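A.B. asks: build me a model from this:
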Amino acid sequence: MTTDLPAQPAMALIGAGTIGTAWAVVFAAAGMTVRLFDADAARLPAALDMARARLRDLAAFGLVDDAPEAAMARIAPTADLAAALVGADHVQESIPEDMEMKRDLLARIADIAAEGCTIASSTSFIEPSRLFDHVAGRARCLVLHPGNPPFLIRVVEVVPATFTAPETIARAEALMTRAAMAPIRVNKEVEGFVFNRLQGALLREAYCLVRDGVTTATDIDRIVRDGLGIRLAVTGPFENADLNAPGGIEGHARRMGPSYARLGAERGQNDPWTPDLVAKVATERRAALPMDQRAARAAWRDRAVMTLLRARRDVLD
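C.D. replies: Numbering: from 1, shown residues only. Down below sits the predicted model:
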């Protein structure tokens, strides 16, 4: 398989539900041709209506370059799987999260799709080695898990199996970049990957706090929306800690690590921030941002938050 992409890649999207239709928006807006397949032909008109509405919204906010109808012209619906796969450079499966159903469909896809076509699943939790171990030409297979909806949440997790060829990974990352997505490499197969593990950690604690009578679901939503969410929309958790604490990420770990360890132990989790782990994170942070640039970056962060707050005021007030 070559890592080169054609000028206008042909995408076969399998499943016209919420995620499959959102992928159609992403790829069509990026100038790619799309065949949108669903075994239930009755679902396709609603999927096209949804795609058109999303493209119009994106255009109204200046988030796409093409006119909505120009992008829609690139989306061809079909209830014929073989027709969807003819000439496809990439297949993105997005049917419901049922492993046996996915395994059966992915095997059928692999038997029909051309040899040079990459095959990916949008699964949120299932490792690729469990999805693709039985399919023909499994070296071209991997998981590409998007945030939801991908036309707004522009990260996509690139999750190879041990049998996924390096050129498949490179091609998938190049394709996602071409589609204005931000590919995030997941180096080790774990259930739920990275996005859902981080999201799940927050949800688990949120449910526990409601269960224990500490606060309400409404106030947890408020503290995330108006507190954590504002900060983390600009910087991730490691950069945020690095900018906020004297001494950077290492100073933060010295001061806060023992307290966070106690909170984890309270939930039966024993994962302390060991010195070697903190040093590993600190090495990444200093490569990204030298210590003498932290003050300037913190000022940039504050201005970015101000911009978000102004936008929220305009939208929510």
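
A.B. asks: hey, let's count contacts and neighbours off CA atoms from now on
C.D. replies: Will do.

A.B. asks: quick one, strands of the stretch 101-250 of the chain?
C.D. replies: Taking DSSP state E, counting those that start in this stretch, the strands of the stretch 101-250 of the chain run over residues 118-121, 141-146, 155-160, 182-185.

A.B. asks: is it possible to export the ones you listed to CSV including mean neighbour count and distance to residue 7?
C.D. replies: Compiled in CSV, those are given as follows (neighbours: other Cα atoms under 10 Å; distance: least, Cα to Cα, whole Å):
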stretch, mean neighbour count, distance to residue 7
strand 118-121, 26, 16
strand 141-146, 28, 21
strand 155-160, 24, 22
strand 182-185, 18, 20
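
A.B. asks: now render those strands as CSV, adding mean pLDDT and distance to residue 219.
C.D. replies: Listed next are those as CSV, based on pLDDT from 0 to 100; distance: least, Cα to Cα, whole Å:
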stretch, mean pLDDT, distance to residue 219
strand 118-121, 98, 36
strand 141-146, 98, 28
strand 155-160, 98, 28
strand 182-185, 98, 32
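
A.B. asks: got a markdown table for the ones you listed, with distance to residue 200 too?
C.D. replies: Shown next, in a markdown table, are these (distance: least, Cα to Cα, whole Å):
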| stretch | distance to residue 200 |
| --- | --- |
| strand 118-121 | 21 |
| strand 141-146 | 15 |
| strand 155-160 | 16 |
| strand 182-185 | 18 |
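
A.B. asks: which one of those strands lies nearest to residue 224?
C.D. replies: Smallest distance to residue 224 across those (Cα to Cα): 20.1 Å, for strand 155-160.

A.B. asks: neighbours around the residue lying closest to residue 28 once chain neighbours are set aside, how many?
C.D. replies: Using Cα to Cα, 6 or more residues apart in numbering and skipping residues adjacent in sequence, the residue nearest residue 28 is residue 71, 5.1 Å away. When neighbours are counted by other Cα atoms under 10 Å, residue 71 registers 25.

A.B. asks: and the pLDDT at residue 71?
C.D. replies: For residue 71, the pLDDT comes out at 98.

A.B. asks: secondary structure class for it?
C.D. replies: Following DSSP: H, G, I helix; E, B strand; the rest coil, residue 71 is assigned to helix.

A.B. asks: wait, it sits on residue 34?
C.D. replies: No. Using Cα atoms under 8 Å, residue 71 makes no contact with residue 34, being 9.7 Å away.

A.B. asks: what does stretch 129-149 contact?
C.D. replies: 1, 19, 22, 99, 102-103, 106-107, 110-111, 115-124, 127-128, 153-165, 168-169, 195 (Cα atoms under 8 Å, 6 or more residues apart in numbering).

A.B. asks: just the buried ones from these?
C.D. replies: Taking 16 or more other Cα atoms under 10 Å as the criterion, what is buried in the contacts of stretch 129-149 is 19, 22, 102-103, 106-107, 110, 116-124, 127-128, 154-161, 163-165, 168-169, 195.
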